[in-house]
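In: Sequence below, structure please.
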Amino acid sequence: MSSSLAIYNSLSRAKETFEPLHPGIATIYVCGPTVYGHAHLGHAKSYVSFDVVVRWMRHLGLKVKYVQNITDVGHLTDDADEGEDKIQKQARLEKTEPMEIAQYYTRSFYEDMDKLGVLRPNIAPTATGHIPEQIALVQRLIETGHAYESGGNVYFAVDSFDGYGKLSGRTDQAALQAGGRVAERSDKRNVSDFALWKKAEAGHIMKWNSPWGEGYPGWHLECSAMSMKYLGETIDIHGGGMENKFPHHDCEIAQSEAATGKPYVRYWMHNNMVTVDGVKMGKSLKNFVNLKELFQTFDPLVIRFFILQSHYRSPLDFSEAAIRASQSGFEKLQETYKRLLESSESKGQLDMAAFESKITDALNDDFNTPVAISVIFEFVKAVNGALDKDGLDAATKQNALEYLETFAGEVLGILKNREELLAGESSESAQTLDEVMAVLLELRKEARASKDFATSDKIRDLLLQRGIEVKDTKEGATWSKKKA
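Out: Below is the predicted model:
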């Protein structure tokens, strides 16, 4: 790989040059959604951000193997070891089966991501589809002394692993206990120990047979089991929300590295949250903005554009005014692209190398999409200035189109494709023509009614000169475009 890509590694808390474990191949695992409700803007920020990571790496010539899981069991309502399974709870509320809930909201999630232009992962494994792999990982941890069974539950012994908490920085037991989300339990040796396998209590629907009785996997277990199955025991990049550092990702590191004795993840990437008036957006806080509702007001690509105007590691504050401001910028980009497509060849030129260098530097600097977008708008300004003045010569026009289609289109995903743009414009133009012709025919009708045949004929003749033929019938005047 010739370009030097730097990634902020949450583990080292510094930017590091990216060097894949296997030359030419990047392995990426991103925590997917827990599918018990429709996706909201917080989900969109996460998956749009990692979509750009995947797109840019492919642009750099890497073969990217991208895995994003679907959590359809084991994520409890307090995000740790207590509470009701979120999917089972939703199934109870909707009076249906948990699997129906999971599949319905999985389809809904992909529907929304497709509209946002988020590329599908190479593999999208589900937790329920990998119960044997999770049981095998638990057994491996018990055999190596890192886990223990207690009353049908299996827990990871945190004090058996020296590095627990190294990602979040919660490394001392006092901090771990203070920051833990679980109460003291009689069947745990240590309050910081976390569940690998949970015993299914009476009435629990989602359960499987295991060596420890009927139960279900803990939330943290699935990501380790599935990432290692599809990407190997050490993976290049693991992504997720900043709120997942503790306990979720700390638990993943502990159970994975305890099982294999190898580093689990080489580069940890965490995206920041979406806020509403400075407060994190989330379903539990009931301040989330449903994507399906947003799409009724805004083009999904405007939402994508809005998201990418903030860095993935920075918070994104939601307001309709902010999205409308993004919409103006988005429309300006599409208008310039269309203008460039339709421009005549002339003699003007642009310094394409400088613009390409600037945007490459931005994206190689930890995927800095706000700077990349600002470079694109510098380019848009330069293109419009050139078209206003001397136009562009054939080679520069082609290079300018390729620049927009590569960086704004293929990499950032904020450019409509040619066919969609021109088809949309044709549709709008046709509607406008219909409205104008309705006015002209009404004026002509009034002229004929008042026996002002000179004006009536003049309107007809002027339209004919412009390729539009008017015919008078018993039902009234009709019009059509003459064939060339």
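In: is it true that S10 touches K245?
Out: Yes. Counting by C-beta atoms under 8 Å, S10 does reach K245; the two are 6.8 Å apart. Yep, even glycine has a C-beta here, placed from its N, CA and C like the rest.
In: which residues do those two both contact?
Out: Counting by C-beta atoms under 8 Å, 6 or more residues apart in numbering, the shared contacts of S10 and K245 are 167, 270.
In: list the buried ones in stretch 237-251?
Out: Within stretch 237-251, the residues scored as buried using 16 or more other C-beta atoms under 10 Å are 237-251.
In: which residues of the stretch 351-484 of the chain fall in strands?
Out: Using DSSP state E, counting those that start in this stretch, the strands of the stretch 351-484 of the chain run over 468-473, 476-481.
In: ok, and for the last one, which residues are buried?
Out: Neighbour counts over strand 476-481 (16+ other C-beta under 10 Å) mark 477, 479 as buried.
In: Mind checking the pLDDT average for it?
Out: Averaging pLDDT along strand 476-481 yields 78.
In: That strand - which strands sit beside it in the sheet, and in what orientation?
Out: When sheet partners are counted by DSSP bridges, strand 476-481 sits next to strand 468-473 (antiparallel).
In: domain parsing for this structure?
Out: In terms of domains, the chain is parsed into 6-271, 291-416, 430-481 (source: automatic domain parsing).
In: if we can go back for a sec, and the buried residues of stretch 237-251, which two are the farthest apart?
Out: Farthest-apart pair in those is I237 and P247; separation 20.5 Å (C-beta to C-beta).
In: Okay, buried residues for the biggest helix by length in the chain please.
Out: What stands out as the longest helix in the chain, according to DSSP state H, is helix 418-449. By neighbour count with 16+ other C-beta under 10 Å, helix 418-449 contains the buried residues 421, 437, 440-441, 444, 447-448.
In: now those in CSV, with pLDDT and distance to E149?
Out: Listed next are the buried residues of helix 418-449 as CSV, based on pLDDT from 0 to 100; distance: C-beta to C-beta, whole Å:
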residue, pLDDT, distance to E149
L421, 81, 61
M437, 84, 79
L440, 90, 84
L441, 89, 84
R444, 92, 89
A447, 89, 93
R448, 89, 94
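In: Now distance to V371 too, for those, in CSV please.
Out: Shown next, in CSV, are those (distance: C-beta to C-beta, whole Å):
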residue, distance to V371
L421, 25
M437, 47
L440, 50
L441, 53
R444, 56
A447, 60
R448, 62
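In: if we take these, which one ends up nearest to V158?
Out: So of the buried residues of helix 418-449, ranked by how close each gets to V158 (C-beta to C-beta), first place is L421, at 55.1 Å.
In: just to revisit the earlier point, check which helices and strands the longest helix of the chain sits against.
Out: Contacts defined by 3 or more C-beta pairs under 8 Å, 6 or more residues apart in numbering; DSSP states H and E place helix 418-449 against helix 320-342, helix 453-465, strand 468-473, strand 476-481.
In: between the buried residues of helix 418-449, which is closest to G42?
Out: Using C-beta to C-beta, the buried residues of helix 418-449 come closest to G42 at L421, 29.8 Å.
In: which residues of the chain score low on pLDDT?
Out: Along the chain, segments meeting pLDDT under 70 span 1-3, 74, 77-80, 172-186, 283-285, 424-431, 474-475, 482-484.
In: circling back: measure how the longest helix of the chain sits relative to helix 320-342, angle-wise.
Out: Going by axes from the mean of the first three to the mean of the last three C-alpha atoms, to 10 degrees, helix 418-449 is angled at 90 degrees with respect to helix 320-342.
In: and the angle for helix 418-449 with helix 453-465?
Out: Using the same axes, to 10 degrees: helix 418-449 against helix 453-465 is 160 degrees.
In: tell me the contacts of T297?
Out: Applying C-beta under 8 Å, 6+ apart to T297 gives the contacts E320.
In: Next, work out how far apart it and L41 are.
Out: Relative to L41, T297 is positioned 13 Å away (C-beta to C-beta, to the nearest Å).
In: One more: V191?
Out: Relative to L41, V191 is positioned 35 Å away (C-beta to C-beta).
In: Compare the two (neighbour count), which wins?
Out: The residue with more neighbours, out of V191 and L41, is L41; 21 against 15, by other C-beta atoms under 10 Å.
In: wait, the more buried one sits on F288?
Out: Yes. Between L41 and F288 there is a contact under C-beta under 8 Å: 7.0 Å.
In: Now the common contact residues for those two.
Out: M281.
In: Give me the nearest residue to T396, chain neighbours excluded.
Out: Distances taken as C-beta to C-beta, 6 or more residues apart in numbering place Q349 nearest to T396, at 4.8 Å, with adjacent residues excluded.
In: any idea which helix or strand carries the one you found?
Out: Under DSSP states H and E, no helix or strand contains Q349.
In: what's around E342, how many residues?
Out: Residues near E342, counting by other C-beta under 10 Å: 10.
In: go on, P98?
Out: That count, for P98 with other C-beta under 10 Å as the rule, works out to 22.
In: and it, what does it touch?
Out: 72-73, 85, 87-88, 90-91, 205-206 are the contacts of P98 under C-beta under 8 Å, 6+ apart.
In: swap the cut-off to 10 Å and go again
Out: Residues counted as contacts of P98 (C-beta atoms under 10 Å, 6 or more residues apart in numbering) are 36, 72-73, 85-92, 128, 205-206.
In: Among these, which lie within helices?
Out: Reading helices off those with DSSP H, I get 86-92.
In: Type out the ChimeraX command that picks the buried ones from those.
Out: Applying 16+ other C-beta under 10 Å to the ones in helices among the contacts of P98, the buried members can be selected in ChimeraX as follows:
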select :86,87,88,89,90,91
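In: so can I have TSV of the ones in helices among the contacts of P98 showing distance to G329?
Out: Converted to TSV, the ones in helices among the contacts of P98 look like this (distance: C-beta to C-beta, whole Å):
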residue	distance to G329
K86	37
I87	39
Q88	43
K89	41
Q90	37
A91	42
R92	44
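In: quick one, what contacts E293?
Out: Counted by C-beta under 10 Å, 6+ apart, E293 has contacts 38, 40.
In: Is it part of a helix or strand, or is it coil?
Out: Under DSSP: H, G, I helix; E, B strand; the rest coil, E293 falls in the helix class.
In: From start to finish, how long is stretch 114-124 in a straight line?
Out: Length of stretch 114-124, first residue to last, C-alpha to C-alpha, to the nearest Å: 14 Å.
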